[in-house]
Structure formats: C-alpha cells, structure tokens
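Visitor: kindly return the folded structure for what I paste below:
(one chain, ligands or ions: 1)
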Amino acid sequence: MLKETRRTDPELAQIVDKELIRQEKCIEMIASESTVPVPVMELSGSVFTNKTLEGYPGARFQAGGEVADEMERLAVSRAKELFGAEYVNIQSYSGSTANYSVFATILKPGDKVLAMRLDQGGHLTHGSPANWTSTMYNHTFYGCDPETGCIDYEEMERLAKEVKPKLIICGASSYPRLIDFKRVAEIAESVGAYSMCDMAHVAGLVAAKVIPSPIPYMDFVTSSTTKTFCSARSGMVFCKEKYAKELNKGTFPGALGSIHLHTMAAKCWSFRYAATEEFHDIMVQVVKNAQHMAEELMKRDYTVVSGGTDNHLLVVDLRNKNVTGRQMQTALDSAGISVNKQVVPFDTAKPHITSGIRIGLTSVTQRGLKEDAITEIVDMIDRVVNAPEDEAVIAEVKARAEELISKYPLYPAGAFA
Ligand code: DSN
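Guide: I've put the predicted structure just below:
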C-alpha cells in the first residue's frame, strides 16, 4: 500500500506511516472508532472513486452506470438481508448525512422534533444549538433520570403529549444502555409523530444480533458505517417500505449529490462480512469487555454512569476522583491510551472541560484483547487518574501500554506490503 505515494510524495507517505505507527502503539478506546478490515481499505481506494453518478440503479443521470448499478443492487440486497429491513438507502456519506436525508424526507422548516439532549447522550445533528438543524426545526429535548442515568421515558412521553412533535428521535452517541425501541415507537404513534432511531454507535452489535434491533419498530433508522460496524466512513438509512419512494427523493436530490461509489463498495463487502461468525464473535466479546471494564472500574470506586453498560461503551463520571474529563483525556493520551472527554448527565463542568470520559471497547476487542487485558488497562487508567501530572507515572504507564498492545497486532503482518 502507498507504493506510488511513496514514490511521488515521500513527505506525505511518511505522515501516513507515522499515523499507522501511532495506531499500532496506542490503546484505542474512543467509542466511535474501530479498525477497518483490509478489504474495506482496498475497496475505499478502488476505481469506483473515479465514477460520478447520481440517481438510483436503472435511473441514473450520467452514462456508464451499469456496473455501479450491479454493485449498488448487491449492496442493498445484502444490507436488507443482514438487518432484516424492508428497505434501505445506502447513498448517505456518513451518519450525519443519513440524518439529514430523513429530515429532508419528512420535515419542513419550523416542524417540531423531540430528541435526546446532547449533553445526556444525544448527537449534534439531533438539534444541538451548535448544529444548523437547530435553526431549521423546533427542538424539544428529553434526557436521563438523574437517579438511574437511564432514559426518562416518562419525560419523553409527557413532552411528546405536550409538544406534539412531527418526529421523535432516539439513539445516542454516549448512552451505555439498551433503548426501549418499542416504547419510543408507541409514544411516537400515540401523538402521530414519525419515529427515528440513529443507531450509528451500535450498528455492528445490531447486525450481529448481539443487542436488539430498532428496525422492526421505527419508521426510520439511520446509521454511520464506522463505529461498531467497522466499515468505511459512510452511512445508510433503513425505513419501512411505505416510505421508500419519499426517502429516495429526500436523499437524492433532497439532501445529497453524487454517490461515493468507492465507500459504497466497501460497505457492500461489510454487509457480507457482518453476517459471519467471526464478526459475531468479535461483537459478543466487545460487550463482554465493556461490561468487564465497568465492573473493574466500579470495584475501584469509579462512578460508571447508569451502573454499567449493555453495549460497546461506558461513561465514567470522574467527580469523586477530583480530575476533569479534559485532564484525563490529555494525561491518558500521553500515556498511550486514547479516550475522549465526555459530559456526564447533569454535568456542571463546561463542555470543553467535562466531568467524565467515554470509553469504547471495539478497537481493542478487534485486536484480540479479552478480559484479563482489560483488567490491566483499568489498572493503567487508575494509575493515571491518581497522578495525572506525574511524568514518571505517565512514562511508566506508556511503556506498559505499548508493551501490552504490541502483543495484539493492529493488522496482520504483511497486510501493507
Ligand atoms: N458523534 C461522534 C462520536 O460519537 O464520537 C462522532 O461520530
């Protein structure tokens, strides 16, 4: 890989090499990250990147789309089978644009939307004041119960009845528990709203049937295809067949332009791979590792939001440890462990400081780490939390982190020869 880049632009090739080394040496625990299999990387760089195409198979705006038609049809049929969906549109470029497709399909400016608060687990594109969607639609937010750290469905229902939104959104970026999709769909139905789940974080777990799927319950299900799905930087939208035509129009020309056929090809490969036993076993272990980490942290008096996790991530409230999320993100990064600072429910710290960290287990599990290695990582995290300014401790943990992770190669030897 990079043979021609090395010849034509060694400076840039060196930067890519440095990033590979960084990833190899780092204990990667950012919950939205995973490692793509080599075929996903090959296909993302395939000749499909040369082709400009708009429209849908059999009805394109440009000539020369027959081969792409074959690929898109294959990808769609694989995705439908994998997720047991009535319909899927796989033209989104990302999870964010998947959401925009749904908004373009069913909402008009000024329409009311009920979504999860960003600072309690929601996503920017669900109407955060920092996102353009907040200026276009009229958002109300539900959140978590302060006692349990879990979604407050009663608040969701009360707000739905009060506001009568056109759309209710569930699905989150930093929520460690299963979502009661049936209940959300019932609440939406009771007020005549559309229901939508953004399953970006958990799509891999859903594909492997390790956690329940939102698809049977929701009108629309959006997703990115990175994160637990471990595929290309891209997106997809599932819906009931009755919305298929409108969703297609809402996606193109409603929200997007020409298709990214190269990442579509990579997704096509992943829709097959995600049905394998190998992928299933990784996803099972991801949840086991996350639950083990939560238990080990709680044994050491850490506050794990909601008291544990049902998926690939956990959120740790660091207030009883007298360190901030930002401090820990920086200190752990220096020690070779990559996590991100995270607002915790009812956080009083500023969003760029935060009181917590979010930890994801997908990447390390893909590398083969199991519970014993997770216990060791918890010990390393604990050392840093207790001495975030101590350079000797950081250096000692960094050496331990590198030694541990070096036993679990990021890619098989020779993968980039
Ligand atoms: N929403 C961001 C995250 O979860 O990290 C990126 O997808």
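
Visitor: how near is the residue of the stretch 301-417 of the chain found nearest the ligand to Met328?
Guide: Per CB to the nearest ligand atom, Asn340 is where the stretch 301-417 of the chain lies closest to the ligand, at 6.7 Å. For the C-beta atoms, the positions are set from N, CA and C on the backbone; glycine is no exception. Remark: distance between Asn340 and Met328 (CB to CB, to the nearest Å) = 10 Å.

Visitor: between those two, which is the more surrounded one?
Guide: A count of neighbours by other CB atoms under 10 Å puts Met328 above the other of Asn340 and Met328, at 25 against 22.

Visitor: check that one and give its pLDDT.
Guide: For Met328, the model assigns a pLDDT of 98.

Visitor: residue numbers of the stretch 151-300 of the chain in contact with the ligand?
Guide: Ser173 (CB under 6 Å from any ligand atom).

Visitor: now do the helices in the stretch 151-300 of the chain.
Guide: All helices of the stretch 151-300 of the chain, identified by DSSP state H, counting those that start in this stretch, fall at 153-163, 181-190, 203-207, 244-251, 261-273, 277-299.

Visitor: winner for burial among the ones you listed?
Guide: helix 203-207 (a mean of 27; mean count of other CB atoms under 10 Å).

Visitor: okay, now the closest residue to Gly254 other than its chain neighbours: neighbour count?
Guide: Nearest residue to Gly254, sequence neighbours excluded (CB to CB, 6 or more residues apart in numbering): Ala104, at 3.7 Å. The tally of other residues near Ala104 (other CB under 10 Å) stands at 19.

Visitor: shouldn't Ala104 be within a helix?
Guide: Yes - under DSSP: H, G, I helix; E, B strand; the rest coil, Ala104 sits within a helix.

Visitor: show me what contacts it?
Guide: 250-251, 254-255 (CB atoms under 8 Å, 6 or more residues apart in numbering).

Visitor: ok, so of these, who is nearest Met380?
Guide: Ala255 (43.3 Å; CB to CB).

Visitor: what sits against that closest one?
Guide: Counted by CB under 8 Å, 6+ apart, Ala255 has contacts 97, 100-101, 103-104.

Visitor: 6 Å instead, please
Guide: 100-101, 104 (CB atoms under 6 Å, 6 or more residues apart in numbering).

Visitor: and what of Phe271?
Guide: 78-79, 82.

Visitor: which single residue in the protein comes nearest to the ligand?
Guide: As assessed by CB to the nearest ligand atom, the ligand sits closest to Ser32 within the chain, at 3.3 Å.

Visitor: checking that residue next. Helix, strand or coil?
Guide: Applying three-state DSSP: Ser32 is coil.

Visitor: count the residues that sit near the nearest residue to it once chain neighbours are set aside.
Guide: Spatial nearest neighbour of Ser32, excluding adjacent residues (CB to CB, 6+ apart): Lys227 at 5.1 Å. Using other CB under 10 Å, Lys227 has 26 other residues around it.

Visitor: now Lys227: how far from Glu376?
Guide: Look at Lys227 and Glu376: by CB to CB, they are 25 Å apart.

Visitor: which strands or helices does the strand or helix carrying Glu42 pack on?
Guide: Using DSSP states H and E, Glu42 sits in helix 38-44. Applying 3 or more CB pairs under 6 Å, 6 or more residues apart in numbering; DSSP states H and E, we find helix 38-44 packed against helix 261-273.

Visitor: where does this structure have low pLDDT?
Guide: Counting by pLDDT under 70, the chain shows low-confidence ranges at 417.

Visitor: quick check: the residue lying closest to Glu189 once chain neighbours are set aside vs Met283, distance?
Guide: Nearest non-adjacent residue to Glu189, counting by CB to CB, 6+ apart: Ser195, 7.5 Å away. Look at Ser195 and Met283: by CB to CB, they are 25 Å apart.

Visitor: closest to the centroid, which residue in this protein?
Guide: Nearest to the centroid of the C-alpha atoms of the chain, with distances taken as CA atoms, centre = their mean, sits His201, at 3.0 Å.

Visitor: so what's the closest residue to that residue other than its chain neighbours up against?
Guide: Ranked by CB to CB, 6+ apart and with sequence neighbours excluded, the top spatial neighbour of His201 is Lys227, at 5.3 Å. Contacts for Lys227 were tallied using CB under 6 Å, 6+ apart; they are 32, 200-201.

Visitor: hmm, 7 Å instead?
Guide: Neighbouring residues of Lys227 by CB atoms under 7 Å, 6 or more residues apart in numbering: 32, 34, 200-201, 203-204.

Visitor: likewise Tyr411?
Guide: Residues near Tyr411 by CB under 7 Å, 6+ apart: Val38.

Visitor: pretty sure it sits in a strand.
Guide: No - Tyr411 is assigned coil when assessed by three-state DSSP, not a strand.

Visitor: which neighbours do Asn340 and Met328 have in common?
Guide: Ile357.

Visitor: quick one, phi psi at Phe141?
Guide: phi -120, psi 140 (degrees, to the nearest 10).

Visitor: use 23 as the first number from now on
Guide: All right, first residue 23 from here; so that's Phe163.

Visitor: tally up the residues packed near it, please.
Guide: 20.

Visitor: could you measure from the closest residue to it other than its chain neighbours over to Ser377?
Guide: The shortest distance from Phe163 to any non-neighbouring residue, by CB to CB, 6+ apart, is to Arg139 (4.2 Å). Per CB to CB, Arg139 is found 16 Å from Ser377.

Visitor: the more surrounded of those two?
Guide: Taking neighbours as other CB under 10 Å, Arg139 and Ser377 compare with Ser377 leading, 25 against 19.

Visitor: wait, doesn't the more buried one sit right on Asn342?
Guide: No - using CB atoms under 7 Å, Ser377 makes no contact with Asn342, being 10.0 Å away.

Visitor: the closest residue to Gly330 other than its chain neighbours: what's it in contact with?
Guide: What sits nearest to Gly330 in space, not counting adjacent residues and going by CB to CB, 6+ apart, is Ala316, at 4.6 Å. Shown in contact with Ala316 (CB under 7 Å, 6+ apart): 326, 330-331, 336.

Visitor: alright, I will stop here.
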